[in-house]
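Chemist: with the sequence up front, the predicted model follows.
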Amino acid sequence: MMATLEQIIEDFSFLDDWEDRYRYVIELGKALPPLPEEKQTLENKVMGCASQVWLVTHTLGNPDDPVMTFEGDSDAHIVRGLVAIVLATYSGKHASEIAKLDAIEVFGKIGLVENLSTQRANGLRSMIKRIREEAMLRAAA
């Protein structure tokens with residue numbers, strides 16, 4: 001079972017050094033269900049990530065402001081963990097909520113952003129941008 005955002009934030013509060021946080025992010029990635037190969041398509045690939053990252057969006061309910069859920073995966077352990085945190089941040093929320101929520105702030109609160117390499121931070125921003133753009137399109141529909 002995937003961790004909730006609240007669990008992740010709480011767990012991070014108990015981890016003092018970056019190495020422990022790094023290991024925890026990898027553990028979150030290991031708990032992320034693998035994305036089936038047939039969904040690892042160019043259409044689902046997130047551009048702007050150094051590692052391969054795929055995101056699949058699902059919507060449910062009111063077409064004017066649907067609830068959005070996401071599946072994701074990466075070929076890199078640490079990035080898989082970042083995907084898990086992004087999914088915990090955004091999945092299960094209405095498109096209008098997602099459009100307003102910047103997960104970079106969440107990552108900042110748990111002390112991750114300043115410890116990521118430039119490439120990983122850019123990849124993280126690419127994932128978040130894609131999710132928020134999809135939410136804006138769906139909330140505006």
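Modeler: Sure thing, it's come through. Residues are numbered from 1 along each chain as shown.

Chemist: hey, let's count contacts and neighbours off CA atoms from now on
Modeler: OK.

Chemist: please pull out the lowest mean pLDDT helix or strand from the protein.
Modeler: Among the helical and strand segments of the chain, the one scoring lowest on mean pLDDT, DSSP states H and E is helix 103-109, with a mean of 84.

Chemist: any idea which helix or strand comes after that one?
Modeler: Per DSSP states H and E, helix 103-109 leads on to helix 118-140 as the next helix or strand towards the C-terminus.

Chemist: can you mark which positions in that next one are buried?
Modeler: 120-121, 123-129, 131-132, 134-136, 138-139 (16 or more other C-alpha atoms under 10 Å).

Chemist: what does that helix contact?
Modeler: By C-alpha atoms under 8 Å, 6 or more residues apart in numbering, the list of residues contacting helix 118-140 from outside reads 46-51, 55, 63-66, 68, 79, 82, 86, 95-96, 98-104, 113.

Chemist: any idea how far residue 130 is from the spatially most central residue of the chain?
Modeler: For the chain, residue 86 is the residue whose C-alpha lies nearest the centre (C-alpha atoms, centre = their mean; 1.9 Å). Distance from residue 86 to residue 130, counting by C-alpha to C-alpha, to the nearest Å: 11 Å.

Chemist: ranges for the strands of this protein?
Modeler: Ranges of strands within the chain are 53-60, 67-74, 93-94, based on DSSP state E.

Chemist: who does the first one touch, helix- and strand-wise?
Modeler: Applying 3 or more C-alpha pairs under 8 Å, 6 or more residues apart in numbering; DSSP states H and E, we find strand 53-60 packed against strand 67-74.

Chemist: now swap in the last one and tell me
Modeler: Helices and strands touching strand 93-94, by 3+ C-alpha pairs under 8 Å, 6+ apart, are strand 67-74.

Chemist: now do the strand it packs on: everything it contacts.
Modeler: Contacts of strand 67-74 (C-alpha under 8 Å, 6+ apart): 32, 34-35, 51-61, 80, 83-84, 87, 90-95, 135.
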